[in-house]
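1. predicted structure and sequence below. I'll ask about it afterward.
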Amino acid sequence: MSQTVAYSETLALVEALLGADLISLEKTRARTLINSRAHFAYRESDLWDPFLVTAEERIVNDADPTQVFVPYVGTTSSTTDVTNIQKGDIDTVLRAHNANPFAVKSVLEYEVMATSNGIELPGYKVTYGASQVPLTWASGFGSALLTLTNKTDAIVGGTIKVEGVVTNSATANASCNDTFTLTAVTQADTSPEAHLAVVGHAFSITANGTDFTNAKVSFPVVFLTYKRRLTETYGDLAGDTNLPREWHEYCALGTVADMLQADGFSEKSAAMEAKAFAALQRELERVDRNRADQFVNHRVRTHASNQSR
């Protein structure tokens, strides 16, 4: 886990650089400026340790085969935020693969395109992710309703793959174990266990003696390496969090420069701004030296396909 610095330390550094303790109103002002500087630093690199997510399995929206994409925000419910099942919402996608490129020697890599819908995947070949065993499975003629152990980013109109359903008919087996279109996805926060999800899909047949004991389901996925969105607010109020260590010095120096400039001390502000810039550059150089840059940004292409090794 990336290191953080207590916000009180960042504020103390601001006061030390100014040579004075801040009153309440000035502390509020400093908090705003620190967050402004944090957002600037965030935009300066896609490889900051606290925001880099590698090879995360994300469910794909394949409702329209001509426009397959991964939503920026991992939720399918209008009332429930399910982003807790992922490491974050997507800001910038760096790589997209059909399997974990850090666990498999050779994998297919997709081009990515940021659109208003999400991250589109031209040339995507359907790959179903890890199977889940439903807790309950209620089926009737023409439909099935499944309760899953975890929340899911599955998307209405997308597909679900069903395996392991056993009936007393070989024909029915073939019909039951197939891919289907999802007709409903609900995060079951009102259930006794709030982490559950309920999904429904078109089930083509109801057969006597159907056995769901070994049944399992999966959804179409892609493995994304991406920069997650900055959603934190840094400060000492309820809900605030501490700064990443990488930004501590830069944010303090930059905040002092902004405060000096606002108070009319332009020359002192310029000198402090230069120090802030140097502090940020040191951290950016460290990011460039980090081996993550080699693995995340370096691509190897073959004549047969786009691959990452």
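-> Happy to help now that I have it. Numbers count the residues shown, from 1 in each chain.

2. make it CA atoms for all contacts and neighbour counts henceforth
-> Fine.

3. hmm, who's touching the lengthiest helix in the chain?
-> Determined from DSSP state H, the single longest helix within the chain is helix 266-289. Residues outside helix 266-289 that contact it (Cα atoms under 8 Å, 6 or more residues apart in numbering): 41, 44-45, 47-48, 246-247, 249-254, 256-261, 293.

4. just the buried ones among the residues you listed, please.
-> 41, 47-48, 246-247, 249-254, 256-261 (16 or more other Cα atoms under 10 Å).

5. pretty sure L121 is touching E109, no?
-> No. With contact defined as Cα atoms under 8 Å, L121 does not reach E109; the gap is 10.0 Å.

6. what comes up buried for stretch 109-119?
-> E109, Y110, V112, G118, I119.

7. can you pick out the most distant pair from these?
-> E109 and G118 (17.8 Å; Cα to Cα).

8. using JSON lines, lay out the buried residues of stretch 109-119 together with distance to V126, pLDDT and secondary structure.
-> Listed next are the buried residues of stretch 109-119 as JSON lines, based on distance: Cα to Cα, whole Å; pLDDT from 0 to 100; DSSP: H, G, I helix; E, B strand; the rest coil:
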{"residue": "E109", "distance to V126": "13", "pLDDT": "94", "secondary structure": "strand"}
{"residue": "Y110", "distance to V126": "12", "pLDDT": "95", "secondary structure": "coil"}
{"residue": "V112", "distance to V126": "15", "pLDDT": "96", "secondary structure": "coil"}
{"residue": "G118", "distance to V126": "17", "pLDDT": "93", "secondary structure": "coil"}
{"residue": "I119", "distance to V126": "15", "pLDDT": "96", "secondary structure": "strand"}
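
9. which residues sit in contact with E111?
-> E111 sits in contact with R95, A96, L121, P122, G123, where contact means Cα under 8 Å, 6+ apart.

10. returning to what we had before: helices - which of the buried ones among the contacts of helix 266-289 land there?
-> 41, 246-247, 249-254, 256-261.

11. what stretches of this structure score poorly on pLDDT?
-> For the chain, the stretches flagged by pLDDT under 70 are 1, 75-85, 140-142, 188-197, 202-209, 291-309.

12. pop the domain breakdown of it in here.
-> 4-46+239-286, 49-128+223-229+298-308, 136-219 (automatic domain parsing).

13. gap between the two ends of the last one?
-> Meaning domain 136-219. Length of domain 136-219, first residue to last, Cα to Cα, to the nearest Å: 17 Å.

14. before we move on, what about stretch 255-274?
-> 12 Å.

15. so which bits of that stretch are buried?
-> Buried, per 16+ other Cα under 10 Å, within stretch 255-274: T255, V256, A257, D258, M259, L260, Q261, S269, M272, E273.

16. now render the residues you listed as JSON lines, adding distance to I59.
-> JSON lines is the format used below for those (distance: Cα to Cα, whole Å):
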{"residue": "T255", "distance to I59": "40"}
{"residue": "V256", "distance to I59": "44"}
{"residue": "A257", "distance to I59": "44"}
{"residue": "D258", "distance to I59": "43"}
{"residue": "M259", "distance to I59": "45"}
{"residue": "L260", "distance to I59": "48"}
{"residue": "Q261", "distance to I59": "48"}
{"residue": "S269", "distance to I59": "48"}
{"residue": "M272", "distance to I59": "46"}
{"residue": "E273", "distance to I59": "43"}
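
17. closest to K87 out of the residues you listed?
-> Closest to K87, out of all of these and judged by Cα to Cα, is T255, at 29.3 Å.

18. go ahead and confirm the closest one touches T32.
-> No. At 9.0 Å, T255 and T32 do not qualify as touching, with contact defined as Cα under 8 Å.

19. the residue nearest to N35 when sequence neighbours are not counted and V14: what is the separation?
-> Excluding its sequence neighbours, the residue lying closest to N35 (Cα to Cα, 6 or more residues apart in numbering) is Y234, at 6.1 Å. Separation of Y234 from V14 (Cα to Cα): 14 Å.

20. more neighbours: these two, which one.
-> In terms of neighbours (other Cα atoms under 10 Å), V14 is the more surrounded of Y234 and V14; the figures are 26 against 20.

21. that one contacts G254, correct?
-> No. Contact criterion Cα under 8 Å: V14 and G254 do not qualify, at 9.1 Å.

22. what residues are shared contacts of those two?
-> Common neighbours of V14 and G254 (Cα under 8 Å, 6+ apart) do not exist.

23. fine, thanks again, bye for now.
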